[in-house]
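Chemist: Next comes the sequence, and after it the predicted model I'd like to discuss.
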Amino acid sequence: MNNNSAPLKVVVAESAVIIRSGLTAVLKRMANPSVHPVEVATVESLQNYVRLHAPDIIIVNPTFGGWFDLPAFKAERHGRKDVKYIALLNAVIDNNLLREYDDQISICDDGDLITSKINHLMHTEEDEKESEQEALSQREKEIITCVVKGMTNKAIADKLYLSIHTVITHRRNIARKLQIHSPAGLTIYAIVNKLVELQDIKESL
């Protein structure tokens, strides 16, 4: 696992230069954790890089090289099991085909969400305990406010200019951080933490 004082070594494996370079630019802006991203455009380049280096995370398009055979690629890693694999989605793909991946990100995801997912992947068990108390981002607070007002995922997406996929992922992260899995529980949390006023909720009913 990565030393917390050193940047994470992240490989971005994607044939489309705009997507690859765009994600690399987002990763370079990350501060916590800091990231050293490397772009690769072919499966051969990815294989060569991995033979010479020890990446922490490989972000790869499932259609990389036609179709990226992740189980076969893992088998070639000669026992290195601490590398995390994130699927980079730019199209709808059957979730059953993504089961080998540790997580997934979409080209519609914002920087906060990508940072959150990478942080979550790289946590140790002790970090996981601390993560239950980790602070909500401003975007997550906005989504909680919308949820307790009874808005649908589509309505939230429209209001906040996000994709529905991003809203759903934010809601999963909120549930993980707060260990709250129902709208009623979120409502109580939002009132106690002054994210909404009781009057706002009454008006939405």
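Modeler: Structure received.

Chemist: which residues touch the spatially most central residue of the chain?
Modeler: For the chain, residue 117 is the residue whose C-alpha lies nearest the centre (Cα atoms, centre = their mean; 3.1 Å). By Cβ atoms under 8 Å, 6 or more residues apart in numbering, residue 117 lies in contact with 86, 103, 105, 109, 169. Where C-beta positions appear, they are placed from N, C-alpha and C, glycine not excepted.

Chemist: The first one falls within a strand, correct?
Modeler: When you say that, I think you mean residue 86. Yes. Residue 86 sits within a strand when classified using DSSP: H, G, I helix; E, B strand; the rest coil.

Chemist: What count of nearby residues applies to it?
Modeler: Close neighbours of residue 86, defined as other Cβ atoms under 10 Å, add up to 20.

Chemist: picking up where we left off before, most surrounded residue in the contacts of residue 117?
Modeler: In terms of neighbours by other Cβ under 10 Å, the contacts of residue 117 top out with residue 109 at 23 neighbours.

Chemist: Give me the next element, helix or strand, following the top helix by length along the chain.
Modeler: Of all the segments of type helix in the chain, defined by DSSP state H, the longest one is helix 164-178. Following helix 164-178 in sequence order, the next helix or strand is helix 183-192 (DSSP states H and E).

Chemist: in that next one, what's buried?
Modeler: 186-187, 189-190 (16 or more other Cβ atoms under 10 Å).

Chemist: Could you list the domains of this structure?
Modeler: 8-130, 135-204 (automatic domain parsing).

Chemist: which residue ranges form the helices in this structure?
Modeler: With helices called from DSSP H, the chain shows them at 17-28, 43-52, 70-75, 111-122, 125-131, 138-148, 153-160, 164-178, 183-192, 198-204.

Chemist: doesn't residue 8 make contact with residue 122?
Modeler: Yes. Counting by Cβ atoms under 8 Å, residue 122 does reach residue 8; the two are 6.7 Å apart.

Chemist: Who has more neighbours out of those two?
Modeler: It is residue 8, of residue 122 and residue 8, that has more neighbours when counted by other Cβ under 10 Å, with 22 against 17.

Chemist: for the more buried one, what are its contacts?
Modeler: Taking Cβ under 8 Å, 6+ apart, we find residue 8 in contact with 2, 33-36, 56-57, 118, 122.
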